[in-house]
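Participant: take a look and give me a structure for this.
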Amino acid sequence: MKNTARNEEVYHKRVVEKRTLQSVADEYGITRERVRQIVAKIDKKALWEAARASRPSPPKVMKDIWWSRRAYNCLYNEDLLRVSLEDFVENVSHSRLIHRVPNMGKKTIEEICKRLEENGQQNISHLRSARNGENHRSS
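Facilitator: Residues are numbered from 1 along each chain as shown. All right, here's what the predicted structure looks like:
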């Protein structure tokens, strides 16, 4: 992030010291709009970190894991966010993900596999490739 220290100073002077937009802008040689943008960006980051920290650990359902926007949307559109991690691993195949879910590609599947492994799921090799995916469901 560019100018992180400066942005923190701008935020502190505007929010904590309650200085006017114009006085902060004049001190740093930026516009009032830029001061607003910096404050909004830092507020948004703080909200995001608070939301992330409030997620249950360890996660029980897919919704409890922090996903990228694309992965979240793919899982949401297929109503897979309410599924437990174990049920997802047991019942979802690679071919279902890649062929049925719009915008679900190799990178998104890799992200899902990586996050499942990070959260203790062991047997996810069937999600990584189509060769194993169909055999897993029938067993």
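Participant: let me see the domain layout of the protein.
Facilitator: In the domain annotation for the chain, the residue ranges read 4-53, 62-138 (automatic domain parsing).
Participant: turn these into a markdown table, including mean pLDDT and mean neighbour count.
Facilitator: Where C-beta positions appear, they are placed from N, C-alpha and C, glycine not excepted. Formatted as a markdown table, the domains of the chain follow (pLDDT from 0 to 100; neighbours: other Cβ atoms under 10 Å):
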| stretch | mean pLDDT | mean neighbour count |
| --- | --- | --- |
| domain 4-53 | 93 | 14 |
| domain 62-138 | 83 | 15 |
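Participant: which residue ranges of the chain form helices?
Facilitator: Ranges of helices within the chain are 4-11, 21-28, 32-53, 69-77, 85-91, 94-100, 106-118, 125-128, 130-138, based on DSSP state H.
Participant: closest to Lys60 out of these?
Facilitator: Closest approach to Lys60 among the helices of the chain (Cβ to Cβ): helix 85-91, 7.0 Å.
Participant: can I get the closest one in PDB? Just the C-alpha atoms.
Facilitator: Coordinates of each C-alpha in helix 85-91 appear next as PDB, following Å, rounded to 0.1, in the frame of the first residue of the first chain:
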ATOM      1  CA  LEU A  85     -17.100 -28.700   5.400                       C
ATOM      2  CA  GLU A  86     -17.300 -32.500   5.700                       C
ATOM      3  CA  ASP A  87     -20.500 -32.700   3.600                       C
ATOM      4  CA  PHE A  88     -18.900 -30.500   0.900                       C
ATOM      5  CA  VAL A  89     -15.800 -32.700   0.700                       C
ATOM      6  CA  GLU A  90     -17.900 -35.900   0.700                       C
ATOM      7  CA  ASN A  91     -20.600 -34.900  -1.800                       C
END
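Participant: which residues does it contact?
Facilitator: 59-62, 80, 83, 116, 119-121, 123-124, 127, 137 (Cβ atoms under 8 Å, 6 or more residues apart in numbering).
Participant: same question, stretch 100-113
Facilitator: 67-68, 70-71, 73-75, 77-78, 94, 97-98, 124, 127-128.
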